[in-house]
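*Asks:* here is a sequence together with a model predicted from it:
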Amino acid sequence: MRRLLLALILTCNAILLYNLIWSDKGVFAYLDLKNHQKQLKVRLESLAGRSLDLSQEIRWLKSDRAFTEKMARAHGNYLRDNEIIYLFPGRSPEGSVGDDIKN
């Protein structure tokens, strides 16, 4: 009877040890999730900073006419009167006049 009880206890302990270490809810899974959480926190902080920058740029575009003109000239290849623009392949921003020339 003692041997049977000892075998049962050892079997239960082995099962519990396996579940504690190697199962999908074990220590290794916990460490992987902890690492993933750290990566997501870093990414969230990065995106929060980018969000603040974009919010500031939106406010400037809504209120500052000079900034709006600067952005339109830089990204849209807009010109003032009596100006000439030279577009080189591979150097123009997406959606600009240079993309229309390629097609």
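*Replies:* Thanks, I have the structure now.

*Asks:* rest of the way, CA atoms for contacts and neighbours
*Replies:* Will do.

*Asks:* what is the neighbour count of residue 36?
*Replies:* Residues lying near residue 36 (other C-alpha atoms under 10 Å) number 11.

*Asks:* can you tell me how far the residue minimising distance to the centre of the chain sits from residue 34?
*Replies:* With distances taken as C-alpha atoms, centre = their mean, the residue of the chain nearest its centroid is residue 43 (5.6 Å). In this structure, residue 43 and residue 34 are separated by 14 Å, where distance is defined by C-alpha to C-alpha, to the nearest Å.

*Asks:* ditto for residue 89
*Replies:* Per C-alpha to C-alpha, residue 89 is found 46 Å from residue 34.

*Asks:* more crowded one of those two?
*Replies:* Summary of the neighbour comparison: residue 89 and residue 34, criterion other C-alpha under 10 Å, with residue 34 having more neighbours (12 against 9).

*Asks:* thinking again about what came up before, can you tell me how far the residue nearest to the centre of the chain is from residue 51?
*Replies:* As defined by C-alpha to C-alpha, residue 43 lies at a distance of 12 Å from residue 51.

*Asks:* what's the answer for residue 25, then?
*Replies:* Summarising the geometry, the distance separating residue 25 from residue 51, computed by C-alpha to C-alpha, is 35 Å.

*Asks:* can you check residue 38 too?
*Replies:* Relative to residue 51, residue 38 is positioned 20 Å away (C-alpha to C-alpha).

*Asks:* for the protein, what spans make up the helices?
*Replies:* All helices of the chain, identified by DSSP state H, fall at 2-21, 27-63, 65-76, 97-102.

*Asks:* most packed of the ones you listed?
*Replies:* Ranked by mean neighbour count, the helices of the chain are led by helix 65-76 with a mean of 14 (mean count of other C-alpha atoms under 10 Å).

*Asks:* tell me what that helix is packed against?
*Replies:* Counting contacts by 3 or more C-alpha pairs under 8 Å, 6 or more residues apart in numbering; DSSP states H and E, helix 65-76 packs against helix 27-63.

*Asks:* so how far is the helix it packs on from its chain's centroid?
*Replies:* Taking C-alpha atoms, centre = their mean, to the nearest Å, the mean C-alpha location of helix 27-63 is offset from the chain mean by 7 Å.
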